[in-house]
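J.: here is a sequence together with a model predicted from it:
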Amino acid sequence: MSSRLWHYLHSLQIYGRVPANRVYCVSHQTMTTNITSCPLFSFGVLADVQYADIPNRLNFAKTSMRYYRNSIKLVHQAALTWNQDSRKPSFAVHLGDLIDGFNNREGKANSEKALRDILTEFDKFDGPVHHILGNHDFYNFTRKELWDSRLNTTQLTGKVNVEDTTTSHNPTNPPENECGCSNKLYYKFNPHPDFCFVVLDTYDISGCSHLQQCPHYEEALKILCAVNKNTGYELNSPTGLEGKERRYVLYNGGVGKEQLQWLRNVLEEATRKQQTVFILDHIPMFGATDQCLLWNYEEVLETLGEFDCVAAILSGHTHTYNYGEDTNGIRHIIFPGIVEATPGTNAFATIDVYSDYCDIRGYGQMPSFTLRYPVCNKTMGEECTDPTKETSVQATS
């Protein structure tokens, strides 16, 4: 390595642009410097595809355009990019809302066709894909139908070791009722012995994810209507609500008591094994607008704050990138929605995971940056900074 190159790399470490313990490989074939390192594993992430074979239209709030037919093209591009990557992802994650609710307006057959079409593009990725479920998935299918579909990745095998949450994951154990609410759509998997990935069901308690005759629906409606005094379809509107109360809308939901206890047990086990934890969900718990927050985000964050093993929470739902760090030092990364990525760009990432940090390589509207973990607890009220403005690496488009 030349003296000039050594000083350049050293300056990057001093100013925090790359981790000091990164392994550098310098190409001797050309005069250009090729700085690379070997991650423990990599994985791909994208969110809110919301595919539908319909013309572009504005979102519910009339604030941004949704490019429904374009979204399937962007999934195709992401799959090919991951396959061709020298640090090829061993798996991918979609953070919810795979097909848009408009599909169901033409009947179940149309929803099923849209699902087949978009899964065909995901199948072009040479690896398993974990699907977190969002509100639009429940607009198209019942919980039981989703359990019986390819969007149920609780039993995913192959390159990733998936562990079941309960015995209800046994296909021979049928759901107790037509709703299918006895089947648990939350689970964990271990792509590496030192890492645990936790998939949460943020519609465990929700009015849009259970049939009306289901007790879980009644419980969700009681929680919702205690705060939101709108009626019928207008329960999707936060009109009349202020501040954090605006999260009590029909398209959001919450984590139930049983799932919360399961999460605590998983984090206790991860702590014993000295594992770093990534949490994957649809509805954010922090850093989102008030009307896009998990109903019981405070309760879940309190549980997470009892442990030091959580590196980051990856969410979707808002369709807009955001980064936040809560008072326990846990990082929350909200991924931009594929459906609102303007034609000619994209909105996905490849995450290279190392022992004490990860590199997020963003494409299009998803920025690139380095994220260190675990993080120390922060003093209440201490200002947090966005790493994309501090330790960002060169963005890709």
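T.: Right, received. Where do you want to start? Worth saying up front: this structure is predicted, and the values here are computed from it rather than measured.
J.: C-alpha only now, for contacts and for neighbours.
T.: OK.
J.: hey, where'd the strands end up in the stretch 101-250 of the chain?
T.: 129-131, 161-163, 187-192, 195-199 (DSSP state E, counting those that start in this stretch).
J.: what's the least confident stretch among those?
T.: Mean pLDDT is lowest for strand 161-163 among the strands of the stretch 101-250 of the chain, at a mean of 48.
J.: low-confidence stretches in the stretch 101-250 of the chain?
T.: 157-177 (pLDDT under 70).
J.: all helices of it, in order?
T.: 108-122, 135-140, 143-147, 215-225 (DSSP state H, counting those that start in this stretch).
J.: which one, of the ones you listed, ends up nearest to Pro284?
T.: Among these, helix 135-140 comes nearest to Pro284, with 12.9 Å by C-alpha to C-alpha.
J.: need the residues that contact that closest one.
T.: Contact with helix 135-140 is made by 50, 96-101, 103-104, 108, 111, 203, 208-209, 251-252, as judged by C-alpha atoms under 8 Å, 6 or more residues apart in numbering.
J.: for stretch 51-58, the distance to its chain's centre please.
T.: 22 Å (C-alpha atoms, centre = their mean, to the nearest Å).
J.: so which bits of that stretch are buried?
T.: Tyr51, Ala52, Asp53 (16 or more other C-alpha atoms under 10 Å).
J.: okay, how far is it across that stretch, tip to tip?
T.: 14 Å (C-alpha to C-alpha, to the nearest Å).
J.: again, but for stretch 91-99
T.: Using C-alpha to C-alpha, the two ends of stretch 91-99 sit 21 Å apart.
J.: same thing with stretch 365-372?
T.: For stretch 365-372, the end-to-end distance is 22 Å (C-alpha to C-alpha).
J.: before we move on, back to that, so which of the buried residues of stretch 51-58 comes closest to Arg361?
T.: Tyr51 (23.9 Å).
J.: what about the residue nearest to the closest one when sequence neighbours are not counted, how many residues close to it?
T.: Spatially, and ignoring its direct neighbours in sequence, Tyr51 is nearest to Ile99 (4.5 Å; C-alpha to C-alpha, 6 or more residues apart in numbering). Neighbour count of Ile99, defined by other C-alpha atoms under 10 Å: 31.
J.: make JSON lines out of the strands of the stretch 101-250 of the chain and add mean neighbour count and distance to Gln84.
T.: Putting these into JSON lines (neighbours: other C-alpha atoms under 10 Å; distance: least, C-alpha to C-alpha, whole Å) gives the following:
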{"stretch": "strand 129-131", "mean neighbour count": "23", "distance to Gln84": "17"}
{"stretch": "strand 161-163", "mean neighbour count": "16", "distance to Gln84": "24"}
{"stretch": "strand 187-192", "mean neighbour count": "19", "distance to Gln84": "20"}
{"stretch": "strand 195-199", "mean neighbour count": "22", "distance to Gln84": "24"}
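J.: format the ones you listed as TSV; extra columns: distance to Asn346.
T.: Compiled in TSV, the strands of the stretch 101-250 of the chain are given as follows (distance: least, C-alpha to C-alpha, whole Å):
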stretch	distance to Asn346
strand 129-131	19
strand 161-163	29
strand 187-192	26
strand 195-199	24
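J.: for these, which one sits closest to Gly364?
T.: When those are compared (using C-alpha to C-alpha), the closest one is strand 129-131, at 21.0 Å.
J.: any idea how far that closest one is from the chain center?
T.: Computed by C-alpha atoms, centre = their mean, the chain-centroid distance of strand 129-131 equals 10 Å.
J.: hmm, which two among the contacts of helix 135-140 are most spread apart?
T.: By the measure C-alpha to C-alpha, Lys108 and Asn252 form the most distant pair in the contacts of helix 135-140, at 22.7 Å.
J.: these two: which is more packed in?
T.: Asn252 (27 against 13).
J.: that one reaches Asn296, doesn't it?
T.: No: counting by C-alpha atoms under 8 Å, Asn296 is not a contact partner of Asn252; they are 10.3 Å apart.
J.: hmm, back to that, need the buried residues of stretch 51-58 in JSON lines with distance to Pro128 and pLDDT, can you?
T.: Shown next, in JSON lines, are the buried residues of stretch 51-58 (distance: C-alpha to C-alpha, whole Å; pLDDT from 0 to 100):
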{"residue": "Tyr51", "distance to Pro128": "20", "pLDDT": "98"}
{"residue": "Ala52", "distance to Pro128": "23", "pLDDT": "98"}
{"residue": "Asp53", "distance to Pro128": "25", "pLDDT": "98"}
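J.: what is the nearest of these to Glu121?
T.: Tyr51 (11.3 Å).
J.: next one: that closest one from Asp137, what distance?
T.: According to C-alpha to C-alpha, Tyr51 and Asp137 sit 11 Å apart.
J.: shared neighbours, these two?
T.: Overlap between the contact sets of Tyr51 and Asp137, as judged by C-alpha under 8 Å, 6+ apart, is given by Leu98, Ile99, Asp100.
J.: what's stretch 250-264 in contact with?
T.: In contact with stretch 250-264 (C-alpha under 8 Å, 6+ apart) are residues 135, 165, 186, 200-208, 220, 224, 235-237, 283, 292-297, 300, 303-304.
J.: which one of the contacts of helix 135-140 is nearest Cys38?
T.: Gly96 (29.4 Å).
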